[in-house]
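Visitor: sequence below, structure please.
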Amino acid sequence: MHLPENLRPQLKKPLGLLIRDSDVTKSSISDNIPKGAFVITVGDATTEKMISLGFNPSLQIVDSLEKRIKRNLPAGKTETVLTCTNPPAEITDESISVICQALKMTAPVRIVVNGEEDLLVLPVAVYAPDNSVILYGQPNEGLVLVHLTDEVRNRAKSIMDSMS
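Guide: Residues are numbered from 1 along each chain as shown. This is a model prediction of the structure:
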C-alpha cells in the first residue's frame, strides 16, 4: 500500500494526546498509561525516550534512523527481535504480517524495519489488542500518546483502505 499525496495532511493530525517535547516526563507519560496496558512505541526517538524514562514497551518498532540519520538505539530488554522491509510512504504486507506475529509473542518484542516505520502506526492501531497505548513522535512537536479505541482503530483502517 502506498500513501497518496492527498492523505498526507490527515497524517499530520495526531491520533491521540500530543505531549509537547518540553512536557515529556516520566510522570506525564505514566499518568496517561493505564496499569496493565500493552505499550507500543513506533519510532527510534520515542522508543529511546521511553526506555530512558524506565519504561520497557511491549512492542517496539524502529528503523535505526531518526530524520533519515543513522542512530544506535539502546538495547532495552527485548525477548525477541523481528525484521521486515517497509519502504518510505508505504505499508507492506510483510510489515503487517510481522506486526501481527509480534503481537502474539511474549513481550517485549522489537521489530527492526529495513526502510521506514512511520506509517506502521496505522496497522498497529488496527491489529493491537484493546488495552493498548501507542506512542509515536510528532516531528518537531512532541510525543503522541494514543489510547486504542474503536474510533482510533476505525480511523487507521479508513486511512489504510484509502491507500493503493
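Visitor: only C-alpha atoms for contact and neighbour calcs from this point on.
Guide: Will do.
Visitor: relative to residue 104, how far out is residue 141?
Guide: The span separating residue 141 from residue 104 equals 32 Å under the rule Cα to Cα, to the nearest Å.
Visitor: residue 110: neighbouring residues, count only.
Guide: Burial of residue 110, expressed as a neighbour count using other Cα atoms under 10 Å, amounts to 27.
Visitor: hang on, isn't it packed against residue 61?
Guide: Yes. At 5.8 Å, residue 110 counts as touching residue 61 under the criterion of Cα atoms under 8 Å.
Visitor: so which helix or strand of the protein has the lowest pLDDT on average?
Guide: Within the chain, confidence by mean pLDDT, DSSP states H and E is lowest for strand 69-70 among all helices and strands, at a mean of 56.
Visitor: mind giving me the packing neighbours of whichever helix or strand comes after that strand?
Guide: On the C-terminal side of strand 69-70, the nearest following helix or strand under DSSP states H and E is strand 80-86. In this structure, strand 80-86 makes packing contacts with helix 93-103, strand 109-115, judged by 3 or more Cα pairs under 8 Å, 6 or more residues apart in numbering; DSSP states H and E.
Visitor: next, the buried residues of strand 80-86.
Guide: Applying a neighbour-count criterion of 16 or more other Cα atoms under 10 Å, the buried positions in strand 80-86 are 83-86.
Visitor: and if you look at stretch 101-110?
Guide: Of the residues in stretch 101-110, those buried under the neighbour-count criterion (16+ other Cα under 10 Å) are 102-103, 107-110.
Visitor: contacting residues around that stretch?
Guide: Stretch 101-110 has contacts (Cα atoms under 8 Å, 6 or more residues apart in numbering) with 56-62, 77-82, 111, 128.
Visitor: sweet, I'm off.
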